[in-house]
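K.L.:
sequence and predicted model, in that order:
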Amino acid sequence: MQKTHFYIIFLGIMVLFSCQELFAQSCGSRKLDPRIAEFLKMIGANQDMTIEQYRSIPAEQLKLLGDPPIPYPLEDVQRIVITADSIPVLIFNPAHKQNLPIIINYHPGGFFATLHQGFQYQMWEEAKTYNAIVFAIDYRVAPENKFPAAVNDCYNAFKWIAEHGSEFGGDTSRLVLKGESAGANLVAVVSQKARNEGISNKIKLQIMNGLPMNLSPQNMESSASYQENENGYFATKALSYFIVEIYAPNQYNNPEVSPGLTEDLKDLPPAVIINAEFDPFRDDGILYAAKLRNAGIKVWDKCFAGQIHMLSGLPPDAEELKEYENMVKTAMKESF
């Protein structure tokens, strides 16, 4: 019996690593998209940057694509403060309708970028694209506020919106968590915390793009995607070390910092996972998708060849972004 149990565990591990290898092989042939090469050149991706320079990148990206910082009508957004922690939240409802799906969005930015104008524009667009009400959480960021401030804000905001979202036109029975980069990490953490507290059924779908799931030095030094994409592709290995240092020093083995370390992934919500060939976090996302499937969770995922972290730098009409949108729409339709 013990021998049989051992072989089952061994087979499961081999399946996970086989899935990771298969996805890595099918992701691309190390040919960077020329549009992305030009984008990286324009933002000076190979240069060392300060925190403030990193914080400005999304706004600068919008400028390069020809979009103004705040093109949305101010009547499309409502600003509120929630919970005893006074968490700022922006509510985007450009359709001005009731009973729409709720998307709780945790913005990207390495746990140190704020919910600035560039991110606000993207979330307004997101509300239109998915015919939803987007609750954008302006969670506390590092280095001013270290872990677990962001986790606490995001989790408490989720619980509050699940209870009160209908007061703002949202349908709390169709609630989605969505995030990119640091925001994707927070989506995974909040989903796992909700599962642990027995309320993950309130989350119908989790959407994660460019997800750093294991911020341990061991992973950064052993993962193939960290080595292949160490420098020059927007997100870097050095930046990852820097993020851990300012956000959660000596906490990288905590599952609420590195949710990919969680062993039991049963009873989590269905997931959309987006990876990119030239992203250091690529293999984190690939492995997490495989582990979720192994736990019986429905997963829609894709690794985009030739692209960088979060599919950054693509023009708004890019086919890759349309495919991403269609994946999300399909997942939302099948999850509600």
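P.N.:
Received it, and whenever you're ready, just let me know what you need.
K.L.:
past the helix or strand hosting Glu126, which element shows up next along the chain?
P.N.:
Element membership of Glu126 [criterion: DSSP states H and E] is helix 117-129. Counting by DSSP H and E, the next helix or strand C-terminal to helix 117-129 is strand 133-137.
K.L.:
what's the angle between that following strand and helix 117-129?
P.N.:
Here strand 133-137 points in a direction 160 degrees away from that of helix 117-129 (axes from the mean of the first three to the mean of the last three CA atoms, to 10 degrees).
K.L.:
and the helix holding Glu126, how far from the chain's centre?
P.N.:
15 Å (CA atoms, centre = their mean, to the nearest Å).
K.L.:
likewise for stretch 188-205?
P.N.:
Stretch 188-205 has its average C-alpha position 15 Å from the chain's average C-alpha position, going by CA atoms, centre = their mean.
K.L.:
cool, stretch 167-174 as well?
P.N.:
Chain-centre distance of stretch 167-174: 22 Å, with CA atoms, centre = their mean.
K.L.:
what's it in contact with?
P.N.:
78, 91, 93, 97-102, 133, 135, 161-163, 165-166, 202, 204, 332, 336 (CB atoms under 8 Å, 6 or more residues apart in numbering). Any C-beta I mention is one placed from the backbone N, CA and C, and that applies to glycine too.
K.L.:
likewise for stretch 214-229?
P.N.:
Against stretch 214-229 from outside (CB under 8 Å, 6+ apart): 24, 30, 235-237, 240-241, 243-244, 248, 252-253, 257-258, 260-261, 278-284.
K.L.:
just list the residues touching the residue nearest the centre of the chain, thanks.
P.N.:
The structure's the chain has its C-alpha centroid closest to Ala184; by CA atoms, centre = their mean the separation is 2.0 Å. Each residue near Ala184 by CB under 8 Å, 6+ apart is listed here: 106, 108, 208-212.
K.L.:
circling back to that earlier point, filter the contacts of stretch 167-174 to the buried ones?
P.N.:
In the contacts of stretch 167-174, burial by neighbour count holds for 91, 93, 100-102, 133, 135, 161-162, 165, 202, 204, 332, counting by 16 or more other CB atoms under 10 Å.
K.L.:
which of the residues you listed sits closest to Thr114?
P.N.:
Nearest to Thr114 among the buried ones among the contacts of stretch 167-174: Phe135, at 16.4 Å, using CB to CB.
K.L.:
so how far is Val81 from the closest one?
P.N.:
Phe135 sits 13 Å away from Val81, going by CB to CB, to the nearest Å.
K.L.:
for Val134, same thing?
P.N.:
17 Å.
K.L.:
how about Lys329?
P.N.:
Lys329 sits 31 Å away from Val81, taking CB to CB as the criterion.
K.L.:
could you pull out the strands for the stretch 201-336 of the chain?
P.N.:
Assigned by DSSP state E, counting those that start in this stretch, the strands in the stretch 201-336 of the chain fall at 205-209, 271-278, 299-308.
K.L.:
ditto for the stretch 51-200 of the chain
P.N.:
In the stretch 51-200 of the chain, the segments counted as strands under DSSP E, counting those that start in this stretch are 77-82, 87-92, 100-106, 133-137, 170-180.
K.L.:
now those in JSON lines, with distance to Gln120?
P.N.:
Shown next, in JSON lines, are the strands of the stretch 51-200 of the chain (distance: least, CB to CB, whole Å):
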{"stretch": "strand 77-82", "distance to Gln120": "7"}
{"stretch": "strand 87-92", "distance to Gln120": "6"}
{"stretch": "strand 100-106", "distance to Gln120": "10"}
{"stretch": "strand 133-137", "distance to Gln120": "7"}
{"stretch": "strand 170-180", "distance to Gln120": "14"}
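K.L.:
output those strands in CSV; the columns should cover distance to Ala289 and mean pLDDT.
P.N.:
CSV is the format used below for those (distance: least, CB to CB, whole Å; pLDDT from 0 to 100):
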stretch, distance to Ala289, mean pLDDT
strand 77-82, 32, 96
strand 87-92, 28, 98
strand 100-106, 19, 98
strand 133-137, 24, 98
strand 170-180, 15, 98
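K.L.:
most tightly surrounded among the ones you listed?
P.N.:
strand 133-137 (a mean of 27; mean count of other CB atoms under 10 Å).
K.L.:
strand partners (parallel or antiparallel) of that one?
P.N.:
Using DSSP bridges, strand 133-137 pairs in its sheet with strand 87-92 (antiparallel), strand 100-106 (parallel).
K.L.:
okay, angle between it and strand 170-180 too, please.
P.N.:
Counting by the same axes, to 10 degrees, strand 133-137 lies at 50 degrees to strand 170-180.
K.L.:
can you tell me what sits against strand 133-137?
P.N.:
Strand 133-137 has contacts (CB under 8 Å, 6+ apart) with 87, 89-93, 100-107, 115, 119-120, 123-124, 126-127, 153-154, 157, 161, 165, 168-170.
K.L.:
can you map out the helices along the protein?
P.N.:
In the chain, the helices defined using DSSP state H lie at 2-26, 34-43, 51-64, 117-129, 149-164, 182-196, 217-222, 224-228, 237-247, 282-294, 319-335.
K.L.:
which of the ones you listed sits closest to Tyr72?
P.N.:
Closest to Tyr72 of these, according to CB to CB: helix 117-129, at 4.1 Å.
K.L.:
please point out which parts of the closest one sit buried.
P.N.:
Residues 118-127 are the ones in helix 117-129 that count as buried (16+ other CB under 10 Å).
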